[in-house]
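1. Can you look at this prediction? I've put the sequence above it.
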Amino acid sequence: DLTYQWYKSPSTLLIGETSATLSFASTALSDSGSYYVIVSGNLVCGSETSATATLNVNQVITITDQPDDITECEGNNITFNVTATGSIDSYQWRKNGVENIGANSSSYSITGIVTGDAGNYDVVISSVGGKCPTTISSSAALSVDILTVVEAGGNLSTCQSPTPSAITLSGASVSGGATTGAWSIISGGGSLSSLAQTANPETITYTPANNFTGSVTLRLTTNAPGTCPSTFDERTIIVDEAPIVVAGGPDDVCQTATPSPIILSGASVSGGANTAQWSISSGGGSLSSTALTATPQNVTYTPAAGYT
């Protein structure tokens, strides 16, 4: 009769393993190795040693660190990561259950995310040779915040005044990821009806300082309700210098049937004005010019003949 004795290389005798078949009820990593059997006959026939047979035991895949949810501003870069142990052959990331081609490592990055990238991501981890079960990570949500957008509105102009009127800042708006905006004065002084964040920045008013002339810069800054930063836009208000005019006079002349022209000396324009034009409000007569002129003091007036 033949007898059998199994060994694990190089020479470990496996106690009790004396049949033609070597079986494992449940393999462990420590069982990996090469095995052989010595088959013996009677004293005349002697024994024979088999060739070695190699047993490879793959380790079950275990995820030790699941991918995390991410909320990030559009345009930024993000990376999902997974950490796993075991006999890993490949990774395959998925978005909403659909494979992302080329996403086959333990991390998955997206450069310059857009709103369309939002969704649920997981990774399928396969074992070497497919011997151990495939493992799927938990789902990680990607939320993409929208950039904040602001419009301060168009530039305006108004006239210098000792009692200036309030100017409504119409045309202003916030959008995108922004829900409110707040006005501030960057230069030029004056006052705003509110400095608080508001969903209706177009209703805020600005009042220039008394008698101020020059340029005013106002800034509208959004809030930052998510991961995107606030942003701002500016508008300019030009306060023009008020026009100043001096007519000169009064001038006294004698009634005559042939009146001579009177030079309207002493007249001038200044401030925000650079020309002026004469007109006759009462009393008749004639002017040498009724056109706009930078030198109103050179214009002449001639009374009507015999007028008093």
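-> That came through fine. Residues are numbered from 1 along each chain as shown.
2. starting at the chain centroid, how far to stretch 126-133?
-> 43 Å (Cα atoms, centre = their mean, to the nearest Å).
3. ok, now stretch 170-188?
-> With Cα atoms, centre = their mean as the basis, stretch 170-188 stands 16 Å off its chain's centre.
4. Report how far apart the opening and closing residues of that stretch are.
-> With Cα to Cα, to the nearest Å as the measure, the ends of stretch 170-188 fall 19 Å from one another.
5. Please report the average pLDDT across it, rounded to a whole number.
-> Averaging pLDDT along stretch 170-188 gives 98.
6. try stretch 88-100
-> Averaged over stretch 88-100, pLDDT sits at 95.
7. before we move on, what about stretch 249-269?
-> Stretch 249-269 carries an average pLDDT of 94.
8. ok, residues contacting that stretch?
-> Applying Cβ atoms under 8 Å, 6 or more residues apart in numbering, the external contacts of stretch 249-269 come out as 243-248, 275-276, 278, 285, 288, 294, 296-308. C-beta coordinates here come from the backbone N, C-alpha and C atoms, glycine included.
9. among these, which are in strands?
-> Judged by DSSP state E, the contacts of stretch 249-269 include Pro243, Ile244, Val245, Val246, Thr300, Tyr301, Thr302 as members of strands.
10. Centroid-nearest residue for the protein?
-> The centre of the chain sits closest to Leu147, judged by Cα atoms, centre = their mean, with a distance of 3.0 Å.
11. mind checking how far that one is from Trp183?
-> Distance of Leu147 to Trp183, computed by Cβ to Cβ, to the nearest Å: 21 Å.
12. so which helix or strand takes in the residue of the chain most remote from its centre?
-> For the chain, the residue at maximal distance from the C-alpha centroid (Cα atoms, centre = their mean) is Val44, at 89.6 Å. Val44 belongs to no helix or strand when elements are defined using DSSP states H and E.
13. Check the one 4 residues further on too.
-> Here Glu48 is covered by strand 47-49, with elements defined by DSSP H and E.
14. Neighbouring strands - and their directions - for that strand?
-> According to DSSP bridges, strand 47-49 has the following sheet partners: strand 33-40 (antiparallel).
15. Any idea how far the partner strand is from the middle of the chain?
-> 69 Å.
16. In that strand, which residues are buried?
-> Neighbour-count burial for strand 33-40, counted by 16 or more other Cβ atoms under 10 Å, picks out Tyr35, Tyr36, Val37.
17. For the residues you listed, give me CSV that also has distance to Val269 and pLDDT.
-> Converted to CSV, the buried residues of strand 33-40 look like this (distance: Cβ to Cβ, whole Å; pLDDT from 0 to 100):
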residue, distance to Val269, pLDDT
Tyr35, 114, 97
Tyr36, 118, 97
Val37, 121, 97
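18. pLDDT of stretch 48-64, averaged?
-> Averaged across stretch 48-64, the pLDDT comes to 94.
19. What are the contacting residues of it?
-> 9, 24, 27-29, 31-40, 82-88, 125, 127-129, 131-135, 137.
20. Using PDB, list the CA coordinates for it.
-> The C-alpha trace of stretch 48-64 is given here as PDB (Å, rounded to 0.1, in the frame of the first residue of the first chain):
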ATOM      1  CA  GLU A  48       8.800   9.400  -4.500                       C
ATOM      2  CA  THR A  49       8.700  13.200  -3.900                       C
ATOM      3  CA  SER A  50       6.100  15.200  -6.000                       C
ATOM      4  CA  ALA A  51       6.800  18.500  -7.700                       C
ATOM      5  CA  THR A  52       5.900  21.600  -5.600                       C
ATOM      6  CA  ALA A  53       2.500  23.300  -6.000                       C
ATOM      7  CA  THR A  54       2.200  27.000  -5.000                       C
ATOM      8  CA  LEU A  55      -0.800  28.300  -3.100                       C
ATOM      9  CA  ASN A  56      -1.400  32.100  -3.300                       C
ATOM     10  CA  VAL A  57      -3.800  33.500  -0.700                       C
ATOM     11  CA  ASN A  58      -5.200  36.900  -1.600                       C
ATOM     12  CA  GLN A  59      -6.100  39.200   1.200                       C
ATOM     13  CA  VAL A  60      -9.700  40.400   1.500                       C
ATOM     14  CA  ILE A  61     -10.000  44.100   0.600                       C
ATOM     15  CA  THR A  62     -10.900  46.400   3.600                       C
ATOM     16  CA  ILE A  63     -11.500  50.100   3.200                       C
ATOM     17  CA  THR A  64      -9.900  51.900   6.200                       C
END
